[in-house]
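# quick one: sequence and predicted model below, then my questions.
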Amino acid sequence: MTDVDWLTDTPFDGGCPLCGTRVGHRAEVGVAHSRPGQPRLRFIRCAGCTSLFADPPGCMPYDFATNLPEDYLKHYLEIGAGIHAMLRRAVAVRGAAGRDFLDVGCGYGFTVDAWRRGMGGAAAGIELAAYGQAGAQRLGIAIYDRLLGHNPALAGKRFGIVQAIEVIEHVADVEAFLADLDAALEPDGVLVLSTPNAAFIQPSAAPAEIVALLSPGFHAFLFSPQALEAVLRRHFAYVTVKIEREALSAWAAHLPFEVDERSVDAVYLPYLEQLWRACTVRDSLHDGAAYRLFKERLNRGDLPGAALPMQALEASYRERYGPAVLDPDTAAALGEISDITAYRHLPYAMAAYHFHRAIYVRLAEHDALRAARHFNAAARIALAGGRVAPEKFQEALSLVWIARQQEGLAWAALGNLVPARAAFDAVLAAHADGRGLPVRPTAQLASAVAGHRADVGG
């Protein structure tokens, strides 16, 4: 369960690692360390730049090269890797097509693979963790396992686009890191960054999101928008920083550039299909590609296009886990876990699958009863998983209360008002008092559900 303490009237003096301000800070939030047995941490709000930094300072290295946590790769492939988010910022740079691309902290290498397939330029990645080499071998791409500034294979090479997504918050020396990234850029190249947004860490945010963004023990600091812009301007003449809710996106260069907000779909969706169809075995890579393609096509209203990857995903789930994970009632019971190791034998996308399956059932099959059951399963599975390991259920937790709302609407459409009221009441109760929950409904959703609840009376 998430454990977040909001601290009040707790002054703190000490140097901010991002702007140097030494006095006037406040300890803002206390959280448990991500690693068992480590002391609790506080995050300090800087009086100067309003960033957050950890106390005690510093961060532990991700020692995944030698100590990859069990089932980490399974989760990452099936749902954890945000391929769309990792790709869209680089694709948005006008003129990026055809340019060579370097992704620093590329993970399994999905962006490297997508770039070479869809953007027409050479692509390479850097990843110190063991799953980088696993991805290089499976995808047939170049991923190097040494730091950028100490990497003979890349010495002297320059790239039109260099990106580092969710990396800078881990480094010990921000200035040296940016200098290394700059050295890898062509003179007219563009640097692409993202990092958690310190301004998002507020009591109104969901505890599960707060813990995921702070990653206690692994994130040394979280930038405020102004602090990120300031540090980038010490290295680059042209800088754009964009606030995107819990994240900051940034582009920086020595020459003027443009960021085009066009959709990444022209690269992303064909890549998902290529990735899915290239899988010759039903495994986590296959399931992750099929699930993402099913979801993305469904969200764009392409029901015939969504059907094929949905059917492939269900066939794989049936083979790998048994038919019980596809039935909403039995899946909900399986998802009532007390230990995350249960997901060694369950699909990590199970909750999100049932949510999107409910939408498909409603739109393509016009079966409100089955839709209600799938929505109910999605909410139950996500809440149970979120209580145990919120960092592994971020996507599913974002859907919980929408699922309960849609469940209630499905029951109401059937004229079955008792379960409709129960679903709506669950949303309203969670909004009124979210203690013990990893995520609460938004005020906007609660307001809409209050209207639904009035419509069903009782």
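Done, it's in.
# where exactly do the helices run in the stretch 301-450 of the chain?
303-321, 328-334, 350-360, 368-388, 394-397, 400-413, 417-432, 443-456 (DSSP state H, counting those that start in this stretch).
# quick check: buried residues in the second one?
In other words, helix 328-334. Buried residues in helix 328-334, defined by neighbour count with 16 or more other Cβ atoms under 10 Å: Pro328, Ala331, Ala332, Leu334. Where you see a C-beta, it was placed from the backbone N, CA and C, and this is true even at glycine.
# pLDDT of stretch 423-437, averaged?
Per-residue pLDDT over stretch 423-437 has a mean of 93.
# pull out the buried positions in it.
The neighbour-count check on stretch 423-437 (16+ other Cβ under 10 Å) flags Ala423, Phe424, Ala426, Val427, Leu428, Ala430, His431, Leu437 as buried.
# out of these, what pair is the most spread apart?
Across the buried residues of stretch 423-437, no pair lies farther apart than Phe424 and Leu437, at 16.5 Å, counting by Cβ to Cβ.
# C-alpha coordinates for the helix or strand of the chain with the lowest mean pLDDT, CSV please?
Across the helices and strands of the chain, the lowest-confidence element by mean pLDDT, DSSP states H and E is helix 207-214, at a mean of 88. This file holds the C-alpha atoms of helix 207-214, laid out as CSV (Å, rounded to 0.1, in the frame of the first residue of the first chain):
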residue,chain,number,x,y,z
PRO,A,207,-0.7,8.6,-3.6
ALA,A,208,0.1,5.9,-6.2
GLU,A,209,1.2,8.6,-8.7
ILE,A,210,3.2,10.4,-6.1
VAL,A,211,5.2,7.4,-5.1
ALA,A,212,5.8,6.4,-8.8
LEU,A,213,7.0,9.9,-9.6
LEU,A,214,9.3,10.2,-6.6
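# C-terminal to that helix, what's the next element?
strand 221-222 (DSSP states H and E).
# from the chain's centre, how far out does whichever helix or strand comes after that next one sit?
As assigned by DSSP H and E, the chain's next helix or strand after strand 221-222 is helix 225-233. Centre-to-centre, helix 225-233 and its host chain are 23 Å apart (Cα atoms, centre = their mean, to the nearest Å).
# the next helix or strand after helix 225-233: how far from the chain's middle?
Heading C-terminal from helix 225-233, the first helix or strand you meet, by DSSP H and E, is strand 238-244. Chain-centre distance of strand 238-244: 19 Å, with Cα atoms, centre = their mean.
# for the residue nearest the centre of the chain, grab phi and psi.
Centroid check for the chain by Cα atoms, centre = their mean gives Gly82 as the closest residue, at 5.2 Å. With angles defined as degrees, to the nearest 10, Gly82 sits at phi -90, psi 80.
# again with Asp188
Reported as degrees, to the nearest 10, the phi and psi values for Asp188 are phi -100, psi 20.
# contacting residues for it?
Going by Cβ atoms under 8 Å, 6 or more residues apart in numbering, Asp188 touches Gly160, Ala253, His254, Leu255.
# redo those as a markdown table? Include secondary structure, pLDDT and distance to Ala450.
Shown next, in a markdown table, are those (DSSP: H, G, I helix; E, B strand; the rest coil; pLDDT from 0 to 100; distance: Cβ to Cβ, whole Å):
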| residue | secondary structure | pLDDT | distance to Ala450 |
| --- | --- | --- | --- |
| Gly160 | strand | 98 | 52 |
| Ala253 | strand | 98 | 48 |
| His254 | coil | 98 | 53 |
| Leu255 | coil | 98 | 53 |
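# and which of those is nearest to Arg373?
Using Cβ to Cβ, Gly160 comes nearest to Arg373 of the contacts of Asp188, at 49.9 Å.
# can you tell me how far Ala331 is from Pro438?
The spacing between Ala331 and Pro438, counted by Cβ to Cβ, to the nearest Å, is 19 Å.
# again with Arg282
According to Cβ to Cβ, Arg282 stands 31 Å off from Pro438.
# more crowded one of the two?
For Arg282 versus Pro438, the count of surrounding residues by other Cβ atoms under 10 Å is larger for Pro438: 25 against 17.
# what residues are up against that one?
Taking Cβ under 8 Å, 6+ apart, one finds Met1, Thr2, Ala206, Pro207, Ala208, Leu383, Gly386, Arg387, Pro390, Phe393, Leu397 in contact with Pro438.
# buried subset of those?
Thr2, Ala206, Pro207, Ala208, Leu383, Gly386, Arg387, Pro390, Phe393, Leu397.
# per the record, what domains does this protein have?
4-55, 72-253, 279-456 (automatic domain parsing).
# out of those, the one nearest Tyr268 is which?
With Cβ to Cβ, the closest approach to Tyr268 among these belongs to domain 72-253: 5.6 Å.
# which parts of the stretch 1-150 of the chain are helices?
Using DSSP H, counting those that start in this stretch, the helices of the stretch 1-150 of the chain run over residues 72-75, 83-91, 110-118, 130-139.
# leaving out chain neighbours, which residue sits closest to Trp401?
Leaving aside its chain neighbours, Trp401 sits nearest to Pro441 (3.9 Å; criterion: Cβ to Cβ, 6 or more residues apart in numbering).
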